[in-house]
Structure formats: structure tokens, C-alpha cells
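Asks: Quick one: sequence plus predicted model below, questions after.
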Amino acid sequence: MRLLPSGSTALLVELDDLDAVLALYAALADRPPAGVVDLVPAARTVLVMTDPAVTTLDAVAAALRTTAPRPGARDEGEAVELPVHYDGADLAELAGLLDLSPGELVERHTAREWTVAFCGFAPGFGYLTQPGGGWEVPRRATPRTRVPPGSVALAGEFSGVYPRESPGGWQLIGRTDVAVFDVDRDPPALLSPGTRVRFVEVGGR
Amino acid sequence: MSRSLTVLACGPLTTVQDGGRIGQAALGIGRSGAADRAAAALANRLVGNPAGAAVLEVTLGGLAVRSDADLLVVTTGARCPGSPAHNAPVRLAAGTELRLGLPGQGLRTYLAVRGGIAVPPVLGSRSTDLLAGLGPAVVAVGDVLPVGATALPMPGVDVAPVADPPAGELTVPVLVGPRADWFTVDAWSTLTGAVYTVTSESNRIGLRLEGPALERVRPGELPSEGMVRGALQVPPSGTPVLFLADHPVTGGYPVIGYVVDDSVDRCAQLRPGQSLRFRATRG
């Protein structure tokens, strides 16, 4: 664990890999040290935000060093099923880039469960990983200015679902009708760190 | 009689803001909230509102409202001609109009009403997050903004003796950031020695600056990581962006430094064309 300065109210914890991030995040979310008001897990880091009226960064740093990570933290219960129409604009080209047929790409996307590693980019946008990984997807050279809501996409080792229309550089492989973010629903975000997801193909291609 | 304010004009941008959404960053939901937290907090204190009550954030004046009941109001932050209530609460009798002119200096004026602006909260906050598209809609002409009833005893202060936001150059303390080692040693000297100018592309998300580029020693991409307001993120162009209230929860460009949190409020009052200097400090 490396503690990096992140301004007068936060610390950035850098870890070796995503599993270490999830394990530390699970421990901190379960029992946040005094004065910690928010956490942002990401690919290799956990940002720890504090309330300076309640604590000091030194005190939080000391608490972080004695926090025992909770490895293997995964949500129990059923995985969230997301029905997907695999008709994305980049499906054929991306499959070619990866030396797969479109069918094989879909097969890989649906065969194994995904887990939400962390969220970011937009409210309710989850970065999903498959255990063992294996994906190495380049971003589009030129990002789209408008990606439709519900687009199911790939980039790097991650898959994700765009919660609403936004710009985006990920490769679009399909779309789902399920709203992954809805402020009128409790909880508003369908996908939060640790949630397990299974993509299911519906309709034709 | 309804306790409300009717919006007659709203200037370039008026939004409802409170203390923001805290504790939801792990879902990709940022804090948002008043860009100048100190000015918004002062406005609430002066009318006896709980800290974090919702206020109006008025950008470059232009707001006109009519009181639909006898209300107690105050303005703080950028001083607008036309406000009899600047840093000093006044009673706005039913049917009276309050018209804010263009401030001579500073960018954001906070209008607090005793009882707080009581539009429905979204995910626990009445703040409009312009990047995420969350919270109440941007204030528009014809809106009737309900005023709440929850208030604390009045503080008994007639006028708060606070300085107006500065018109000229601003110098703020900056701390070494998490990715300072991605840059040359000269880059840090440049950042803390040069003058940067606020450009017109600035908004609640961040201040876009013009000035000398900061050179990197490490090429390649940074895996996205979390950041808070005050971050000086450096995109490939080399000129830093200073993140304000509606900044993204995570970013993929390295952060060379952080403006000390309290000073971010003063940065949020900078207008395009104003100069900004960063003075190196240690936390």
C-alpha cells in the first residue's frame, strides 16, 4: 500500500492490482475510519475523502495502515442479469481486431460472470471485469460525441453499460433495455462495486 | 399565501446549490454543491439556516425574483448592484422584487432565503450537478421556487465584515499532487512560478487556464483514479485544469498538484481574464 497526497482533504491509496483495491474498499466501506466521508475505488487506487472538521490526514493515514483488507469480497445472492441485443456498431470490426468471429465475441462476453470493480465516468457507470480477465480492447481512436443510453461496451479489460447518452470512446457491442441508473429507484444504481453481472443474449444479430 | 420566490430573470446561469451529495462517490456520483462553499455557508448563517440549506448560485448577476410572502434574504459572494442585502440580511416584503445587476468583481453571488430553497432533493441533495446531469433543473424564468420552514434562531448579525472577491491577480497555495512524479522538475517550478490566466471555457466543472505547458517525463496512460476539487489535472496539452464543484469523480490524466481546499472557494470567484498564481506550500 502506497499513500499518495491528494490535496488537503483526501489521500490516494495506490495498490498492486484490482483485487487489492476491492479488498481494501470492502474493508473501508464496511467500517470507515472516523472522519472518512467518501471513497472512490478505481483500477489501482482507492481515494479516501475526509472531513477536515472531524479528522486529520495523519490520523486517517494511520488508520489506513492498520486496516485489514477483506479479500474475495463479492456480493452474495443472485447475479444481476442484463439482457443484451448484440447489434453494436463496433461488434464486427472489434471481433476482427481480436481475431474472433462476432459470435465468438458474444460467447466470451456472455459465458462468464462479470463483477463491478468500481464506478466512475458518470453516475451508475460500472467498470466490470471477468475473473481471469483476458480482454485487451483498444479504445476507439476518435471518441463518439453521442453514445446512446443502454449501450453495452468494451475497453481495456473492462465492460460497461452507458447509463445515459454521453460522449464515449468505448467499443459498442450491443444494447440493453434495462436502466442501469434511475434516480427515482432505490437504489438508483443497479451496478455498485462488488455486484455480479451476467449478460444474456436476446433477439437476433 | 405560499412562501416562494418567483423567478423574473435568471442571468447567464442560476442554479440551486446546497452542501452537495456526500457518500455516493463509489457509485460515480460526485459531490457538486456550491462552488464557493464559504460564501454559501455565510449566506445560510446570516439568515439562520442550517449549514447546507439550499441557496441560489447566481453567475454574473442578472437574477430577478419576486417575493410571494414576507421573506428574509441575504446575498454573499460577488457583490451585485441592486442588492440591498449584501452580507446583511433584509426583509423582502410580499410582492417586492429583488434585481441583481452585474457584479463589478467576482463571479458567483449566493442568495439565501430564511427557510432555504425547498425544491425536491435528488439523491439526498438539492444541488444541480451540471456534469452528471443530476439534481434540480437549471433555474428558469417563471419558476416558482418554494421556500422551506426549517430555520434556526437568528444569529443577531446585521452585517458580516467580509472582503469582496478580488478583481486582480489571485495567489493560492498549492500542494504537491499524487502524480507530480509524472512531470519534470521544471514543470513544478513553472507551475509555482508562472502566471496563469482564466479562460472563458471555465465553468462549474473547472477553471481552464492559459499559460506555460507542464512537461511530462512519463508517457502513457494513467488508469483512471478518484480526485477531489482543487485538483490540477494536466491533459495532453500540458496546461492544467483546476477542478471545481462539478468535476468528474475519476479522471485519467495525471494530477500534478492540489490547491488547498479552502482556497478553491476563492478560485471559484475568478472571472475569465483574471490571473492566477500558485504558491508552493507543504501540508
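Replies: Yes, it's here.
Asks: Now do the strands in the stretch 1-150 of chain B.
Replies: Using DSSP state E, counting those that start in this stretch, the strands found in the stretch 1-150 of chain B span residues B:4-10, B:13-17, B:55-59, B:63-67, B:71-77, B:90-92, B:97-99, B:108-113, B:144-146.
Asks: Just send those back as CSV, with mean neighbour count too.
Replies: C-betas here are computed from N, CA, C, even on glycine. As requested, these are arranged in CSV below (neighbours: other CB atoms under 10 Å in any protein chain shown):
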stretch, mean neighbour count
strand B:4-10, 19
strand B:13-17, 25
strand B:55-59, 27
strand B:63-67, 23
strand B:71-77, 26
strand B:90-92, 17
strand B:97-99, 17
strand B:108-113, 28
strand B:144-146, 16
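Asks: which stretch among those comes nearest B:Gln233?
Replies: Among the strands of the stretch 1-150 of chain B, the nearest to B:Gln233 by CB to CB is strand B:108-113 (21.6 Å).
Asks: which helices and strands sit right next to the closest one?
Replies: helix B:37-46, strand B:55-59, strand B:63-67, strand B:71-77 (3 or more CB pairs under 8 Å, 6 or more residues apart in numbering or on different chains; DSSP states H and E).
Asks: What's the local residue count around the nearest residue to B:Ser2 once chain neighbours are set aside?
Replies: Nearest non-adjacent residue to B:Ser2, counting by CB to CB, 6 or more residues apart in numbering or on different chains: B:Asp68, 5.5 Å away. B:Asp68: 20 surrounding residues under other CB atoms under 10 Å in any protein chain shown.
Asks: mind listing what residue 162 touches?
Replies: All of this is about chain A. A:122, A:125, A:147-151, A:153, A:168 (CB atoms under 8 Å, 6 or more residues apart in numbering or on different chains).
Asks: right idea, wrong chain: chain B
Replies: B:42, B:76, B:87.
Asks: hang on, it in a helix?
Replies: No: counting by DSSP: H, G, I helix; E, B strand; the rest coil, B:Val162 is not found in a helix; it is coil.
Asks: give the contact list for the residue in the stretch 151-283 of chain B positioned nearest to chain A.
Replies: At 2.9 Å from chain A, B:Gly226 is the closest residue in the stretch 151-283 of chain B, using CB to the nearest CB. Residues near B:Gly226 by CB under 8 Å, 6+ apart: A:12, A:40-42, A:45-47, A:120, B:25, B:249-250.
Asks: in the top helix by length along chain A, what counts as buried?
Replies: In chain A, assigned by DSSP state H, the helix with the most residues is helix A:18-30. Neighbour-count burial for helix A:18-30 flags A:18-29 (criterion: 16 or more other CB atoms under 10 Å in any protein chain shown).
Asks: So which residues of the stretch 151-283 of chain B form strands?
Replies: Going by DSSP E, counting those that start in this stretch, the stretch 151-283 of chain B shows strands at B:170-176, B:195-198, B:206-210, B:225-226, B:231-233, B:241-243, B:250-251, B:255-259, B:275-280.
Asks: To A:Arg70, which of the ones you listed lies closest?
Replies: Of all the strands of the stretch 151-283 of chain B, strand B:225-226 comes closest under CB to CB, at 19.5 Å.
Asks: Which residues does B:Val74 form beta bridges with?
Replies: Beta-bridge partners recorded for B:Val74 (DSSP bridges): B:Ala112.
Asks: Would you mind giving me the confidence score for it?
Replies: Note on B:Val74: pLDDT of 98.
Asks: Distance-wise, check it relative to chain A.
Replies: 23 Å (CB to the nearest CB, to the nearest Å).
Asks: residue contacts, that residue?
Replies: Counted by CB under 8 Å, 6+ apart, B:Val74 has contacts B:43, B:46-47, B:85-90, B:111-112.
Asks: Please convert those residues to a markdown table, extending it with pLDDT and distance to B:Gly20.
Replies: Below are the contacts of B:Val74 laid out as a markdown table (pLDDT from 0 to 100; distance: CB to CB, whole Å):
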| residue | pLDDT | distance to B:Gly20 |
| --- | --- | --- |
| B:Ala43 | 97 | 15 |
| B:Leu46 | 96 | 20 |
| B:Val47 | 96 | 20 |
| B:Ala85 | 94 | 24 |
| B:His86 | 97 | 24 |
| B:Asn87 | 97 | 23 |
| B:Ala88 | 96 | 26 |
| B:Pro89 | 96 | 24 |
| B:Val90 | 96 | 28 |
| B:Leu111 | 98 | 18 |
| B:Ala112 | 98 | 16 |
